[in-house]
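Q: Everything below, folded, please.
(one chain, ligands or ions: 1)
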Amino acid sequence: MTELKLKDQVAIVTGSSSGIGKACAIHLASLGAKVVVNYSSNLEEGQKTVDEIEKNGGIAILVKADVSHEEEVKAMFNKTVNEFGRLDILVSNAGLQQDSSFLDMTLAQWQKVIDVNLTGQFLCCREASRQFVAQEKRKSEPDHSELSVGKIILMSSVHDIIPWAGHVNYAASKGGIMMFMKSISQELAPYKIRVNSVSPGAIKTTINKDVWSDPEKYKSLLQLIPYKRIGTPQDVAKAVAWLASDDSDYVNGETLYIDGGMTLYPEFADNG
Ligand code: NAD
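A: Here you go, the predicted model:
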(Lines give C-alpha, C1' and ligand atoms only; values in the text may rest on other atoms or scores of the structure.)
Protein backbone atom coordinates (compact mmCIF):
# COMPACT_ATOMS: atom_id res chain seq x y z
CA MET A 1 0.00 0.00 0.00
CA THR A 2 1.25 3.51 -0.84
CA GLU A 3 2.37 5.45 2.22
CA LEU A 4 0.17 8.55 2.66
CA LYS A 5 3.04 11.02 3.00
CA LEU A 6 0.80 14.04 2.44
CA LYS A 7 -2.15 12.89 4.53
CA ASP A 8 -4.65 15.73 5.10
CA GLN A 9 -2.32 18.39 3.72
CA VAL A 10 -4.05 20.88 1.46
CA ALA A 11 -2.59 21.52 -1.99
CA ILE A 12 -3.43 23.91 -4.82
CA VAL A 13 -2.28 22.79 -8.27
CA THR A 14 -2.70 25.51 -10.89
CA GLY A 15 -3.51 24.49 -14.46
CA SER A 16 -4.50 20.98 -13.39
CA SER A 17 -7.17 20.32 -16.00
CA SER A 18 -4.52 18.76 -18.26
CA GLY A 19 -0.97 17.50 -18.68
CA ILE A 20 1.61 17.81 -15.91
CA GLY A 21 -0.74 19.69 -13.56
CA LYS A 22 -3.38 17.00 -13.85
CA ALA A 23 -0.83 14.28 -13.07
CA CYS A 24 0.43 16.29 -10.07
CA ALA A 25 -3.11 16.76 -8.71
CA ILE A 26 -3.90 13.06 -9.04
CA HIS A 27 -0.59 11.95 -7.53
CA LEU A 28 -0.74 14.36 -4.56
CA ALA A 29 -4.29 13.19 -3.86
CA SER A 30 -3.14 9.55 -3.99
CA LEU A 31 -0.68 10.45 -1.21
CA GLY A 32 -3.50 11.79 0.96
CA ALA A 33 -3.55 15.49 0.08
CA LYS A 34 -6.82 17.38 -0.33
CA VAL A 35 -6.42 19.02 -3.71
CA VAL A 36 -7.71 22.20 -5.29
CA VAL A 37 -7.89 21.51 -9.02
CA ASN A 38 -7.55 24.83 -10.83
CA TYR A 39 -8.61 25.47 -14.41
CA SER A 40 -8.92 28.67 -16.40
CA SER A 41 -11.31 27.81 -19.23
CA ASN A 42 -11.93 24.09 -19.71
CA LEU A 43 -14.51 23.18 -17.05
CA GLU A 44 -15.09 19.71 -18.50
CA GLU A 45 -11.39 18.72 -18.37
CA GLY A 46 -11.04 20.18 -14.87
CA GLN A 47 -14.00 18.11 -13.72
CA LYS A 48 -12.36 14.98 -15.20
CA THR A 49 -9.34 15.53 -12.92
CA VAL A 50 -11.63 15.85 -9.90
CA ASP A 51 -13.60 12.77 -10.96
CA GLU A 52 -10.46 10.69 -11.27
CA ILE A 53 -9.24 11.78 -7.82
CA GLU A 54 -12.61 10.94 -6.27
CA LYS A 55 -12.79 7.60 -8.10
CA ASN A 56 -9.50 6.70 -6.38
CA GLY A 57 -10.97 7.67 -2.98
CA GLY A 58 -9.31 11.10 -2.81
CA ILE A 59 -10.65 14.56 -1.99
CA ALA A 60 -10.68 17.45 -4.47
CA ILE A 61 -12.57 20.60 -5.38
CA LEU A 62 -12.61 22.42 -8.70
CA VAL A 63 -11.82 26.16 -8.80
CA LYS A 64 -11.82 28.40 -11.86
CA ALA A 65 -9.17 31.12 -11.91
CA ASP A 66 -6.95 32.76 -14.48
CA VAL A 67 -3.58 32.89 -12.69
CA SER A 68 -2.67 36.17 -14.39
CA HIS A 69 -5.65 37.97 -12.80
CA GLU A 70 -5.01 39.13 -9.25
CA GLU A 71 -8.61 39.10 -8.06
CA GLU A 72 -9.23 35.60 -9.43
CA VAL A 73 -6.09 34.30 -7.75
CA LYS A 74 -7.10 35.85 -4.43
CA ALA A 75 -10.57 34.34 -4.75
CA MET A 76 -9.07 30.89 -5.41
CA PHE A 77 -6.95 31.06 -2.25
CA ASN A 78 -9.93 32.31 -0.21
CA LYS A 79 -12.08 29.48 -1.49
CA THR A 80 -9.36 26.97 -0.60
CA VAL A 81 -9.11 28.20 2.98
CA ASN A 82 -12.90 28.44 3.35
CA GLU A 83 -13.27 24.86 2.14
CA PHE A 84 -10.29 23.14 3.78
CA GLY A 85 -9.24 25.55 6.57
CA ARG A 86 -5.59 25.84 5.55
CA LEU A 87 -2.98 25.49 2.82
CA ASP A 88 0.22 23.42 2.92
CA ILE A 89 1.36 23.06 -0.70
CA LEU A 90 1.28 25.19 -3.85
CA VAL A 91 2.21 23.63 -7.18
CA SER A 92 2.42 26.70 -9.42
CA ASN A 93 2.19 24.89 -12.73
CA ALA A 94 -0.04 26.83 -15.16
CA GLY A 95 1.80 27.93 -18.25
CA LEU A 96 1.60 28.32 -21.99
CA GLN A 97 3.57 29.00 -25.16
CA GLN A 98 2.91 31.53 -27.92
CA ASP A 99 5.70 30.89 -30.39
CA SER A 100 7.06 33.28 -32.98
CA SER A 101 10.36 34.30 -34.48
CA PHE A 102 11.79 37.21 -32.51
CA LEU A 103 11.54 39.57 -35.49
CA ASP A 104 7.83 38.89 -35.86
CA MET A 105 6.89 38.59 -32.20
CA THR A 106 4.09 40.95 -31.22
CA LEU A 107 3.85 42.74 -27.91
CA ALA A 108 0.66 40.77 -27.26
CA GLN A 109 2.51 37.43 -27.68
CA TRP A 110 5.32 38.59 -25.40
CA GLN A 111 2.93 39.99 -22.80
CA LYS A 112 0.59 37.00 -22.67
CA VAL A 113 3.39 34.52 -21.95
CA ILE A 114 5.00 36.76 -19.33
CA ASP A 115 1.60 37.45 -17.74
CA VAL A 116 0.70 33.77 -17.32
CA ASN A 117 4.10 32.11 -16.88
CA LEU A 118 5.81 34.71 -14.69
CA THR A 119 3.29 37.16 -13.25
CA GLY A 120 0.91 34.25 -12.62
CA GLN A 121 3.61 32.54 -10.56
CA PHE A 122 4.24 35.78 -8.65
CA LEU A 123 0.55 36.17 -7.79
CA CYS A 124 0.07 32.54 -6.72
CA CYS A 125 3.32 32.33 -4.74
CA ARG A 126 2.57 35.60 -2.96
CA GLU A 127 -0.92 34.49 -1.92
CA ALA A 128 0.38 31.08 -0.78
CA SER A 129 3.16 32.70 1.25
CA ARG A 130 0.77 35.13 2.89
CA GLN A 131 -1.46 32.22 3.86
CA PHE A 132 1.48 30.15 5.16
CA VAL A 133 2.66 33.05 7.32
CA ALA A 134 -0.84 33.82 8.58
CA GLN A 135 -1.75 30.31 9.61
CA GLU A 136 -0.35 28.98 12.84
CA LYS A 137 1.84 25.95 12.62
CA ARG A 138 -0.28 23.30 14.26
CA LYS A 139 2.31 21.05 15.82
CA SER A 140 -0.27 19.34 17.99
CA GLU A 141 -1.87 17.81 14.92
CA PRO A 142 0.35 14.89 13.99
CA ASP A 143 -1.01 14.58 10.46
CA HIS A 144 0.30 17.97 9.47
CA SER A 145 3.83 18.49 8.27
CA GLU A 146 6.10 18.62 11.33
CA LEU A 147 8.77 20.58 9.56
CA SER A 148 7.99 23.19 6.89
CA VAL A 149 5.12 25.57 7.39
CA GLY A 150 4.44 25.51 3.66
CA LYS A 151 5.91 24.17 0.44
CA ILE A 152 5.95 25.88 -2.95
CA ILE A 153 6.94 24.10 -6.15
CA LEU A 154 7.21 26.21 -9.31
CA MET A 155 6.93 24.62 -12.73
CA SER A 156 9.86 25.90 -14.72
CA SER A 157 11.50 24.24 -17.75
CA VAL A 158 14.90 23.22 -19.10
CA HIS A 159 14.53 26.52 -20.95
CA ASP A 160 15.41 28.32 -17.73
CA ILE A 161 18.99 27.52 -18.78
CA ILE A 162 18.77 26.35 -22.43
CA PRO A 163 18.24 29.30 -24.79
CA TRP A 164 15.35 28.69 -27.23
CA ALA A 165 15.27 30.57 -30.53
CA GLY A 166 11.73 31.10 -31.77
CA HIS A 167 10.42 30.98 -28.19
CA VAL A 168 12.10 33.94 -26.51
CA ASN A 169 8.98 34.93 -24.56
CA TYR A 170 8.76 31.41 -23.09
CA ALA A 171 12.51 31.13 -22.35
CA ALA A 172 12.52 34.60 -20.74
CA SER A 173 9.56 33.64 -18.55
CA LYS A 174 11.21 30.42 -17.37
CA GLY A 175 14.61 32.09 -16.88
CA GLY A 176 12.74 34.66 -14.80
CA ILE A 177 11.20 31.90 -12.70
CA MET A 178 14.66 30.68 -11.72
CA MET A 179 15.72 34.00 -10.13
CA PHE A 180 12.24 34.63 -8.77
CA MET A 181 12.26 31.21 -7.10
CA LYS A 182 15.74 31.62 -5.61
CA SER A 183 15.02 35.12 -4.35
CA ILE A 184 11.75 34.27 -2.62
CA SER A 185 13.29 31.10 -1.27
CA GLN A 186 15.98 33.19 0.40
CA GLU A 187 13.39 35.62 1.74
CA LEU A 188 10.89 33.03 2.98
CA ALA A 189 13.22 30.45 4.51
CA PRO A 190 13.19 32.16 7.95
CA TYR A 191 9.41 31.60 7.97
CA LYS A 192 10.06 27.87 7.40
CA ILE A 193 8.56 28.09 3.93
CA ARG A 194 10.38 26.00 1.32
CA VAL A 195 10.44 27.06 -2.33
CA ASN A 196 11.85 24.93 -5.16
CA SER A 197 11.38 24.52 -8.91
CA VAL A 198 11.12 21.55 -11.18
CA SER A 199 12.38 21.97 -14.72
CA PRO A 200 10.99 19.36 -17.08
CA GLY A 201 12.57 18.52 -20.42
CA ALA A 202 10.25 17.11 -23.09
CA ILE A 203 7.13 15.74 -21.45
CA LYS A 204 4.34 14.24 -23.52
CA THR A 205 1.42 16.70 -23.17
CA THR A 206 -0.71 18.87 -25.44
CA ILE A 207 1.80 21.75 -25.20
CA ASN A 208 4.23 19.88 -27.51
CA LYS A 209 1.84 17.57 -29.40
CA ASP A 210 3.07 18.89 -32.74
CA VAL A 211 6.50 17.39 -31.94
CA TRP A 212 5.70 13.93 -30.52
CA SER A 213 2.83 13.27 -32.95
CA ASP A 214 5.11 13.75 -35.99
CA PRO A 215 7.53 10.77 -36.42
CA GLU A 216 10.28 12.88 -38.01
CA LYS A 217 10.14 15.60 -35.36
CA TYR A 218 9.98 12.94 -32.64
CA LYS A 219 13.14 11.31 -33.98
CA SER A 220 14.96 14.65 -33.87
CA LEU A 221 13.68 15.25 -30.35
CA LEU A 222 15.11 11.94 -29.13
CA GLN A 223 18.56 13.07 -30.29
CA LEU A 224 18.34 15.73 -27.59
CA ILE A 225 17.53 13.20 -24.85
CA PRO A 226 20.38 10.90 -23.73
CA TYR A 227 17.86 8.65 -21.93
CA LYS A 228 16.11 8.10 -25.30
CA ARG A 229 12.51 8.49 -24.28
CA ILE A 230 10.07 11.33 -23.92
CA GLY A 231 9.00 12.03 -20.33
CA THR A 232 5.54 11.46 -18.91
CA PRO A 233 3.52 13.80 -16.71
CA GLN A 234 3.86 11.15 -13.98
CA ASP A 235 7.67 11.45 -14.11
CA VAL A 236 7.25 15.08 -13.09
CA ALA A 237 4.42 14.45 -10.59
CA LYS A 238 6.57 12.03 -8.56
CA ALA A 239 9.35 14.61 -8.20
CA VAL A 240 6.83 17.30 -7.26
CA ALA A 241 5.38 15.04 -4.55
CA TRP A 242 8.88 14.49 -3.14
CA LEU A 243 9.51 18.23 -3.00
CA ALA A 244 6.13 18.68 -1.30
CA SER A 245 6.89 16.05 1.33
CA ASP A 246 9.01 16.15 4.48
CA ASP A 247 11.47 13.78 2.77
CA SER A 248 12.95 16.86 1.10
CA ASP A 249 12.80 19.11 4.18
CA TYR A 250 16.38 20.35 3.80
CA VAL A 251 15.99 21.11 0.07
CA ASN A 252 15.36 24.80 -0.48
CA GLY A 253 15.93 27.13 -3.42
CA GLU A 254 16.81 24.29 -5.78
CA THR A 255 15.88 23.52 -9.37
CA LEU A 256 15.39 19.84 -10.10
CA TYR A 257 15.82 18.95 -13.79
CA ILE A 258 13.56 16.12 -14.90
CA ASP A 259 14.74 15.77 -18.45
CA GLY A 260 16.33 12.38 -19.21
CA GLY A 261 19.62 14.25 -19.46
CA MET A 262 18.56 16.96 -21.94
CA THR A 263 20.67 19.50 -20.04
CA LEU A 264 23.83 17.34 -20.41
CA TYR A 265 24.82 18.85 -23.79
CA PRO A 266 24.03 15.58 -25.67
CA GLU A 267 25.69 16.90 -28.85
CA PHE A 268 29.01 16.48 -27.02
CA ALA A 269 28.41 12.79 -26.27
CA ASP A 270 30.58 11.79 -29.25
CA ASN A 271 33.42 14.08 -28.22
CA GLY A 272 31.87 17.22 -29.72
P1 NAD B 1 -0.74 21.78 -20.82
O2 NAD B 1 -1.08 22.73 -21.90
O3 NAD B 1 -1.39 20.45 -20.82
O4 NAD B 1 -0.99 22.43 -19.41
C5 NAD B 1 -0.95 23.81 -19.14
C6 NAD B 1 -2.09 24.12 -18.20
O7 NAD B 1 -2.03 25.50 -17.81
C8 NAD B 1 -3.44 23.88 -18.87
O9 NAD B 1 -4.25 23.15 -18.00
C10 NAD B 1 -3.97 25.29 -19.08
O11 NAD B 1 -5.38 25.35 -19.03
C12 NAD B 1 -3.34 26.00 -17.91
N13 NAD B 1 -3.35 27.45 -18.08
C14 NAD B 1 -2.91 28.16 -19.18
N15 NAD B 1 -3.12 29.47 -18.95
C16 NAD B 1 -3.68 29.58 -17.73
C17 NAD B 1 -4.12 30.68 -16.95
N18 NAD B 1 -4.04 31.94 -17.40
N19 NAD B 1 -4.63 30.43 -15.70
C20 NAD B 1 -4.74 29.16 -15.24
N21 NAD B 1 -4.35 28.09 -15.94
C22 NAD B 1 -3.82 28.30 -17.17
O23 NAD B 1 0.84 21.63 -20.88
P24 NAD B 1 1.86 21.03 -19.81
O25 NAD B 1 2.97 20.51 -20.60
O26 NAD B 1 1.17 20.16 -18.84
O27 NAD B 1 2.36 22.36 -19.10
C28 NAD B 1 2.33 22.54 -17.70
C29 NAD B 1 3.53 23.34 -17.26
O30 NAD B 1 4.72 22.58 -17.52
C31 NAD B 1 3.71 24.67 -17.98
O32 NAD B 1 4.15 25.65 -17.05
C33 NAD B 1 4.81 24.37 -18.98
O34 NAD B 1 5.55 25.51 -19.34
C35 NAD B 1 5.65 23.39 -18.18
N36 NAD B 1 6.55 22.56 -18.99
C37 NAD B 1 6.08 21.63 -19.88
C38 NAD B 1 6.97 20.86 -20.61
C39 NAD B 1 6.53 19.81 -21.58
O40 NAD B 1 7.38 19.28 -22.31
N41 NAD B 1 5.27 19.44 -21.63
C42 NAD B 1 8.34 21.06 -20.44
C43 NAD B 1 8.79 22.03 -19.55
C44 NAD B 1 7.89 22.77 -18.81
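
Q: Residue numbers of the stretch 51-200 of the chain in contact with the ligand?
A: Applying Cβ under 6 Å from any ligand atom, we find that the stretch 51-200 of the chain lies next to the ligand at 66, 67, 68, 93, 94, 95, 96, 116, 120, 155, 157, 200. (Glycine included, C-beta is placed from N, CA and C.)

Q: ok, longest strand in the chain?
A: For the chain, the longest strand by residue count, based on DSSP state E, is strand 193-200.

Q: Which parts of the chain are strands?
A: 10-13, 34-39, 59-64, 89-92, 150-155, 193-200, 255-258.

Q: can you redo those as JSON lines with mean pLDDT and mean neighbour count?
A: JSON lines is the format used below for the strands of the chain (pLDDT from 0 to 100; neighbours: other Cβ atoms under 10 Å):
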{"stretch": "strand 10-13", "mean pLDDT": "98", "mean neighbour count": "29"}
{"stretch": "strand 34-39", "mean pLDDT": "98", "mean neighbour count": "28"}
{"stretch": "strand 59-64", "mean pLDDT": "98", "mean neighbour count": "18"}
{"stretch": "strand 89-92", "mean pLDDT": "98", "mean neighbour count": "30"}
{"stretch": "strand 150-155", "mean pLDDT": "98", "mean neighbour count": "27"}
{"stretch": "strand 193-200", "mean pLDDT": "98", "mean neighbour count": "25"}
{"stretch": "strand 255-258", "mean pLDDT": "98", "mean neighbour count": "19"}
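
Q: Quick one, which of those strands gets closest to residue 79.
A: strand 59-64 (5.5 Å; Cβ to Cβ).

Q: Which strands or helices does that closest one pack on?
A: helix 19-30, strand 34-39, helix 43-55, helix 70-84 (3 or more Cβ pairs under 8 Å, 6 or more residues apart in numbering; DSSP states H and E).

Q: quick one, which of those is packed in tightest?
A: strand 34-39 (a mean of 28; mean count of other Cβ atoms under 10 Å).
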